[in-house]
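>>> Next input, structure requested:
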Amino acid sequence: MEPKTSEEDYKKCAQRAHELFEIAGMTELAGVLAREKDHAYACNVGIWFWSLGHKNMAKMCYERSIELKAEGSTYYNLAVCCDDLGNEEEAIQALRRFYEIVDDKEEIKAAENLLMENGKHHLIQKVREHDRINDHLH
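Model prediction:
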């Protein structure tokens, strides 16, 4: 039986990213995430990495969280992270999944307000444009 992941495992990954090249931290993180079984914890660690400026590592955590359990909030975080990394197409796809999963209008409105407050209104526009084009074609 593999040992349970701990906060110390993730702290070690972040420290390594600072001391060495980010790729070394990402390689180690991949091994830790492979053992992670808690989707919420993986997402929270992604938020932590994102707040430290390790966007690629945050993306890895969000993707692992989604593998374990797809939730709208994680897709929202992934969309923001991908956009921060310059991966607009991935960001749009993640935001589209957010809209597909979340049916609470208040949650959607709150998410859109945060996107607009943080200069990411273009993602909302791109998703709506894409959906209008697809509706027109079908």
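
>>> which residues touch the residue nearest to residue 68 when sequence neighbours are not counted?
Of all residues not flanking residue 68 in the chain, residue 39 sits nearest, at 3.7 Å (Cβ to Cβ, 6 or more residues apart in numbering). Quick note: C-beta positions are derived from backbone N, CA and C, even for glycine. Each residue near residue 39 by Cβ atoms under 8 Å, 6 or more residues apart in numbering is listed here: 64, 65, 66, 68, 69, 71, 74.

>>> so where is this protein shaky, pLDDT-wise?
For the chain, the stretches flagged by pLDDT under 70 are 18-21, 132-138.

>>> Domains in it, by residue range?
1-69, 72-138 (automatic domain parsing).

>>> returning to that earlier point: what's the distance between the residue nearest to residue 68 and residue 111?
Taking Cβ to Cβ, to the nearest Å as the measure, residue 39 falls 19 Å from residue 111.

>>> Centre of the chain to the helix or strand hosting residue 40, how far?
Following DSSP states H and E, one finds residue 40 within helix 39-51. Centre-to-centre, helix 39-51 and its host chain are 8 Å apart (Cα atoms, centre = their mean, to the nearest Å).

>>> May I see the buried residues of that helix?
Within helix 39-51, the residues scored as buried using 16 or more other Cβ atoms under 10 Å are 39, 41, 42, 43, 44, 45, 46, 47, 48, 49, 50.

>>> Equivalent analysis for stretch 82-94, please.
For stretch 82-94, by 16+ other Cβ under 10 Å, it's 82, 83, 84, 87, 90, 91, 92, 93, 94.

>>> Same question for stretch 7-26.
9, 10, 13, 14, 16, 17, 22, 25, 26.

>>> Now flag whichever of those residues is closest to residue 3.
Nearest to residue 3 out of these is residue 9 (Cβ to Cβ; 9.1 Å).

>>> residues in contact with the closest one?
residue 32.

>>> do the same with residue 73
Residues in contact with residue 73 (Cβ under 8 Å, 6+ apart) are 43, 98.

>>> how near is it to residue 117?
17 Å.
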